[in-house]
Structures are given as structure tokens and as C-alpha cells.
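Enquirer: what follows is a predicted protein model with its sequence.
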Amino acid sequence: MEHMRVLPSRRGFGLFMVAIGCLYGGQVPGPGLIAAAQPEWICDFEAYVIDPDVRGLNVRAEPDGNAKIVLTLPKDAIGTTVHIAGCRGKWVRVDSASALNGELPEQVAGWIYASKLGMRTQTTAVRVRRQPKAGSQVVGRVPADSDVVLLGCREGWVLIQYGKLTGWVPVDDLCGNPVTTCAMAPADAGAMAQSN
């Protein structure tokens, strides 16, 4: 007997999309509408721009790739940092930015796709956890002084990617400056070692 794959009919798929549309106020949900339906997590840290686009990095009015561009952060050869105040889905809300060459307005308000930003581990290797909590399973480690890609954040934790490794790291274990590792004071390093 041959096995057959049963695919949903076009009509069935259409009815499914209508039902989903009802849940989202009559609209078929695009990425922005789905992101808007997610809670915004509070975050409070710096990260730096890693987007290779020479035209700069777009800051948008809403967490949606089709939302209005409110500002484009220019490409800076030395580096541009942003302050992240919140996260919704794969987007982070920024409320200020600074170029290391000093040529950027301080006040920036809007949303940036998280993976366009990066951070660095500090002077010690860090544990990467499955969930954003201290007792969660360790899924790997990131070496000291290594660049990671930002994927999201949640109340003191940062979701990162390092090569094929993805997981959560305490924000205090990372540095948002592209030209330094933000080395901790010895007292801070000892406290961090105990918390990991």
C-alpha cells in the first residue's frame, strides 16, 4: 500500500485564513500584525549595529518590515550603538543611538529588526541557556571576547546566536560596545561567576 500525503484544499486554507483574520480584527495577519499581538518585554541595555547595508539601518515606526521608516542610522566605520528599551517578537524598540564618531542624533525612537544588532561576550566565556532563567539547562558556551547576534531580549536576558548555537544569556555577561569587551571590575566578575 502506498502512503499518500494529504494536503489541505485551497478552500480549506482560505477558510483557515478567514478564521485567523477574524482573530486579528478582520485583517489577514502579516508579520507586523502578528508582532503587534505579542507582548512587549522590557529590556535595558546597549547593542551595536552589525547590519552590512552601506545605506544604513532603518528604524521603523512599528515592529514590521513594511512600517514607515522614521530614521536611517548611517553606516559608521567605527560603530553605532543603540539603547534597547523593549522587545516584541524579533524586533527591538530603541530609544537612543550614538555613533562612535559622534555624528548621530541622540534621540532615536522606533523599532529595529533584532538580528541587525550584535553584542560581545566580555573577558570570560559565558553559558548559553535554553530558557531565560538561571536554573535553565546550559546548551553551550560562547568564548570570551566573541561577537554574538541579538535575536531578542526579556527582562535581564538576551536571546543570542553564536554560529549554530542559540539561547539565552544574562545581559550583564555581554557588552554592547563594538570596540571593547566592557571588562568588569573584579568584584563584578566574582559575583557573575557565582551566578552562572
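Expert: That came through, no problem. Bear in mind the structure is a predicted one, so any value in this text is a computation, not a measurement. Residues are numbered from 1 along each chain as shown.
Enquirer: list the contacts of residue 85.
Expert: For residue 85, the contacting residues are 42-44, 93-95, taking CB atoms under 8 Å, 6 or more residues apart in numbering as the criterion. Just so you know, the C-beta spots here come from the backbone N, C-alpha and C atoms, and that holds for glycine as well.
Enquirer: just the CA atoms of the strand or helix carrying it, as PDB, please.
Expert: Assigned by DSSP states H and E, residue 85 falls within strand 80-88. Extracted as PDB, the C-alpha positions of strand 80-88 are listed here (Å, rounded to 0.1, in the frame of the first residue of the first chain):
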ATOM      1  CA  THR A  80      27.000  52.700  16.100                       C
ATOM      2  CA  THR A  81      25.300  51.800  19.400                       C
ATOM      3  CA  VAL A  82      21.700  51.800  20.300                       C
ATOM      4  CA  HIS A  83      19.900  51.600  23.600                       C
ATOM      5  CA  ILE A  84      17.300  48.900  23.600                       C
ATOM      6  CA  ALA A  85      14.200  49.600  25.800                       C
ATOM      7  CA  GLY A  86      11.900  46.700  24.700                       C
ATOM      8  CA  CYS A  87      11.300  43.700  22.600                       C
ATOM      9  CA  ARG A  88       8.300  42.400  20.700                       C
END
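Enquirer: could you identify the helix or strand that succeeds it?
Expert: The next secondary structure element downstream of strand 80-88 (using DSSP H and E) turns out to be strand 91-99.
Enquirer: from the contacts of residue 85, which is closest to residue 141?
Expert: The shortest gap between residue 141 and any of the contacts of residue 85 belongs to residue 43, at 22.9 Å (CB to CB).
Enquirer: ok, back up a step: angle of the strand holding residue 85 against strand 91-99?
Expert: Interaxial angle of strand 80-88 relative to strand 91-99 (axes from the mean of the first three to the mean of the last three CA atoms, to 10 degrees): 160 degrees.
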